[in-house]
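1. The following comprises the amino acid sequence and a computationally predicted model.
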Amino acid sequence: MKHKHPNYFLSMLTMKCPRCRKGDMYRDKNPFHWRFSRIFNMHEKCPVCDQKFELETGFWFGTGYVSYALSVALSVFNLVWYWLFFGISWRDNSVFIWLAVNCAILIIFQPWLMRFSRTLYLYFFVYYDEDTANLPADKASQHEH
């Protein structure tokens, strides 16, 4: 019997383990905490398949490039929708209003962007493994004790 693969993009957006696409990468699913130190509160290993998340010392330094690319993409998206709905001109200083709106959006979404950049970066290096994906879902509770 052929098993259905978990959706790649949905697993990435929900920040699941890239190897089994079942286990959560982060201890707390909410990236928007008042305490900045809780944003990267990750499991060391996947609670379902034991995939190590930090592959080597300094592994997460590469996420700065991913986060930068995501921020630029979000800024371009913000420019397009703002231009379509409100228009942008140097004569009426609307470009500065767009800059302020864009900065506000980037600041609001920064915790999520930082987490997602880690997830996306890990997905570059760790591939889906059908054998580990077929592990029972209750294995996560065994690892936490």
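-> Structure received.
2. give the contact list for residue 106.
-> By C-beta atoms under 8 Å, 6 or more residues apart in numbering, the contact set of residue 106 is 71, 74, 75, 113. All C-beta spots, glycine's among them, are computed from the backbone N, C-alpha and C.
3. ok, 10 Å please
-> 70, 71, 74, 75, 78, 113 (C-beta atoms under 10 Å, 6 or more residues apart in numbering).
4. and the fifth one, how far is that from residue 43?
-> In other words, residue 78. Going from residue 78 to residue 43 by C-beta to C-beta, to the nearest Å gives 33 Å.
5. quick one: least confident helix or strand in the protein?
-> Across the helices and strands of the chain, mean confidence by mean pLDDT, DSSP states H and E is lowest for helix 139-143: a mean of 45.
6. Tell me the predicted confidence for the most centrally placed residue in the chain.
-> Geometric centre of the chain, nearest residue: residue 116, 1.2 Å, by C-alpha atoms, centre = their mean. At residue 116, the model reports a pLDDT of 94.
7. element containing it, please.
-> helix 94-125 (DSSP states H and E).
8. Check which residues of that helix are buried.
-> 98-99, 102, 109-111, 113-123 (16 or more other C-beta atoms under 10 Å).
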